[in-house]
Structure formats: C-alpha cells, structure tokens
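S.K.: Quick one, fold the following:
(chains A and B)
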Amino acid sequence: MEPQTIIARRIARELSSGMLVNLGIGIPTQVANYLPEGLHVFFQSENGLIGTGSPPEEGMAHPTLTDAGGRPVTALPGACTFDSAMSFGLIRGGHLDLTVLGGLQVDQAGHLANWMIPKKMVPGMGGAMDLVSGAKRVIVAMQHTAKGASKIVKKCTLPVTSTRAVDLVVTELAVIAFPAGRATLIETGPGISVPQVVAATEAELVVPDRVPEMILGQA
Amino acid sequence: MQSISLEQSVAMIPDGACLMIGGFMAVGTPERVVDEIVRQNKRDLTVIANDTAMPGKGIGKLVGAKLLRSVVVSHIGLNPETQRQMMAGDLEVELVPQGTLIERIRAGGYGLGGILTQTGIGTPVEDGKQRIEVDGRSYLLEVAIRADFALVQAFLADYLGNLSYALTARNFNPAMAMAADKVIVNADNIVPIGVISPDHIVTPAPVVDYVIANA
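M.R.: Alright, predicted model coming up:
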C-alpha cells in the first residue's frame, strides 16, 4: 500500500459524525476518501465553504465553486458559503473540531513546521498558522522521512507554524501523540516493528510497553 | 454610486497606488479590471490580497507584467514567478497569516485600530509586534490596513450599487469594499433595484463608489 494511503486511511478513523473538519492540500485531502458509509462530516474549505464535496464530473465545474487550492469542487446538500472573516472566525473561534495538515517537520515537543524553507521555498503560511493555533484538534499527516532523513526531529530547524503543540502525527510507520509534551509512540504502521520506527526517528520517542499496530479505515 | 467605463475606472488609479484586490486563487478577482491595469501599464503598485494566484491568472498577471512594487498576501505558493521576483529582490513580499490578513482589512474598514490574535505568536510573524495580555492570555497586536482603491468582484450589483456575491467568489471582497478610499466594482450581472432582496445584500450601496458598465 502507498504510504499516503496508509496515512489517510488511519486518519479517517479520527473523524466522527457532526464534526467540522478542515483538510489541507495533499495527503490530508485523501482522508475524505476513506470515511465509513453514512458518516456525516462537515468539511470546511477556508476560502469560504462548508459542505465541500468531491470534484465535479467532467464539464460540470462551476468557476466560483472551488476549494482552497482553486480547484473545482461540488457542494453537498446543506452546504453554505461565507466570506473570509467568517471562515477564519470558525477556525480561530473554537468552532473547528479538527484540522489535518501536511508537515515538513514535527519536533519531539509537538511543534510543527510546515510553511517555509528559508531561501529555498517560501509558499507562505496561508491559513496554516490560524488552523494550528485555533482548531480544537490538530493532526499532522506526513511521510515519516524525506530523502532518508527523519521528519520527526528533536527540535524544528525550520520556522515553526505555531507554538501550540499538535495532537497527533500520523505517518506510514507510526502514530505519535504528545502527552505531557513528549513524543510518544502509540501505534506502529502495518507490518512495522517498534525498533524500525525508533531507527527511522530522530526525535526521542517515549515507547510504552505495548504498542499496537494501527487499524486502518475502510478502503 | 456612479457607473463608469472599464477604461475610466483604471485611468483613475495613479502609478504607485495601493490596491486591495478581491479573490482567492483568482476566484472572485475582477479579471477584466486586472487586464485593463496591464493594458494601461500602471506601475509601482502595492497590492493587498489573499494570494498572487498563479501565472497568467488574476493577480498573477500583474506579477508577470512586473507592475508591482510590493504585495501583502498570505500565500504565494502557486505562483513561482512571485517567489522568483521576491528572491531576486525585485518584489517586496509581506506574508501575513490569512485569518490575520482578513481581520486587519476588516479593522481598516470598520473603524478599528487593529485586532488581537494568538495566531503567529512565537513565529517569525511576531517580529517587531507588540504582545498584549488579556485575561492571562497573550495576543499579538495586528494593526488595521486600508488601501487607496478596492477592486471588488460581485455576482449582482443593482443600479444603486448594492452587492451580492457568488459561492466561493465572496472571500475577501466584502471586507475590502469597506476598507478603501475608492471602491470599484465589477459585477457578473448588473440588475434593477429590488432584484436583490434586502436580506441577500451583503455590501450596502453607500460604500460603493463605482460600478463598471458592461462592455
């Protein structure tokens, strides 16, 4: 299975009926593909939409119905649209239950860096700083390593997105939480052993006596 | 409100002006006003907007034509040309978290000096800003911003200048319509007074200075 699929399917199990959820670009977007039939989640696009649906069929796109990347989407029954002040009021004001974001680095205290690599890539933070500072729960969806180097580090070397620690990091190798501000291995990826996770991780991981293998959401 | 031709609306804008331009990845950007700015070759502009779109679309056209001195935006990731001009020192880029940017614009239009937010604390966004404690929590003071002109895209404009917006094309437009000295509107549809029901008017006519006439 592709690493991205493992990550998206595991995170899908964190969603429950009635939640207001914001999915970032990339792996986070795929989470919506693995929800159980009948689960009703409100998906927010920060450009001003709750009730974001899947992309329209060929030839059915509307130029003013788009996601935060500017791509055409559909609107589900009960969808509503609003301006950017309302959109970020929802995000910062304690109304957003969950955000799932991509990451460049997460450190062992749970700090996320995901908005720039100085002098190399400066996309800007967009809504990421508001999302991490404001959402009730923050989950980072990212591959465990990049070019062989751990993305879960002792201390972020890239500029952080927020001083608020994230709640969960899900990679293809592990699920990591931050109780008491310490990176703790709570699940391993499919077919992955604890020593394999530890070897692939730069951060100091707290490893409980028993670490179950992650259960994936339905394909 | 006055109706105005496309050419005249852009002719009012001097070189060096500060513009707020509605839109999110060019959705809700008054595209034909942008095209006219390029045609009239307005230079040295400052643009306040959510993003610089992508090359060849919306604000991306102004970046591509090198008409901008500085931009105040939350995101430039889909426009490599903005990043290239920034790295080369040809374009000044102030990156502002999106929720902070919309609130700074809203404050500018609503008579407030600024807003307090936790977003950006402990990040490079905090540099040079004042922290304020309220009930034991720290916030950044983010100051209001205004512009000389707001370029707004509406779905409906009536003959008085009342506006409503379409779906995700609303985004920054209503806040910007409050926060500039002159508000220029391009509408998908210009309709008689009364067609937009009072409950569906988002921007009231008195804040609109010009509606661009149909070609």
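
S.K.: where along chain B do the helices fall?
M.R.: Ranges of helices within chain B are B:6-11, B:31-39, B:59-64, B:80-87, B:98-109, B:173-176, based on DSSP state H.

S.K.: what's the offset of the second one from the middle of its chain?
M.R.: It refers to helix B:31-39. 15 Å (CA atoms, centre = their mean, to the nearest Å).

S.K.: Tell me where the model's unsure across chain B.
M.R.: Within chain B, no stretch has pLDDT under 70.

S.K.: all strands for it, in order.
M.R.: For chain B, applying DSSP state E gives strands covering B:2-4, B:18-21, B:45-48, B:68-73, B:92-95, B:114-117, B:131-134, B:137-143, B:147-158, B:163-164, B:180-191, B:210-212.

S.K.: right, so of the helices of chain B, which gets closest to A:Met129?
M.R.: helix B:98-109 (7.8 Å; CB to CB). To be clear about C-beta, it is placed using only N, CA and C from the backbone, and glycine gets the same treatment.

S.K.: can that closest one be found next to chain A?
M.R.: Yes: contact of helix B:98-109 with chain A (CB under 8 Å from any CB of the partner chain) involves B:Gln98, B:Gly99, B:Thr100, B:Ile102, B:Glu103, B:Arg106.

S.K.: quick one: furthest residue from the center of chain A?
M.R.: Most distant residue from the mean C-alpha position of chain A: A:Gly59, 30.2 Å away (CA atoms, centre = their mean).

S.K.: could I get the helices of chain B as CSV with mean neighbour count?
M.R.: Output for the helices of chain B, formatted as CSV (neighbours: other CB atoms under 10 Å in any protein chain shown):
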stretch, mean neighbour count
helix B:6-11, 18
helix B:31-39, 18
helix B:59-64, 23
helix B:80-87, 18
helix B:98-109, 26
helix B:173-176, 28
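
S.K.: Which one, of these, ends up nearest to A:Gly102?
M.R.: With CB to CB, the closest approach to A:Gly102 among these belongs to helix B:98-109: 16.1 Å.

S.K.: What is that closest one packed up against?
M.R.: The helices and strands touching helix B:98-109, judged by 3 or more CB pairs under 8 Å, 6 or more residues apart in numbering or on different chains; DSSP states H and E, are helix A:84-92, helix A:128-134, strand B:114-117, strand B:137-143, helix B:173-176.

S.K.: quick revisit: name the nearest of the residues of helix B:98-109 next to chain A relative to chain A.
M.R.: Within these, proximity to chain A (CB to the nearest CB) peaks at B:Gly99, which comes in at 3.2 Å.

S.K.: on that earlier part again, how about the helices and strands packed on helix B:98-109 in CSV, adding distance to B:Glu36?
M.R.: Listed next are the helices and strands packed on helix B:98-109 as CSV, based on distance: least, CB to CB, whole Å:
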stretch, distance to B:Glu36
helix A:84-92, 25
helix A:128-134, 34
strand B:114-117, 33
strand B:137-143, 31
helix B:173-176, 18
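
S.K.: of these, which approaches A:Ser193 most closely?
M.R.: Ranking the helices and strands packed on helix B:98-109 by their distance to A:Ser193 (criterion: CB to CB) puts helix A:128-134 first, at 31.1 Å.

S.K.: from the chain's centre, how far out does the helix or strand following the closest one sit?
M.R.: Once helix A:128-134 ends, the next helix or strand along the chain (criterion: DSSP states H and E) is strand A:138-141. Relative to the centre of its chain, strand A:138-141 is centred 3 Å away, using CA atoms, centre = their mean.

S.K.: Show me what strand A:138-141 pairs with in its sheet, parallel or antiparallel.
M.R.: Paired with strand A:138-141 in the same sheet, following DSSP bridges, are strand A:98-101 (parallel), strand A:168-170 (parallel).
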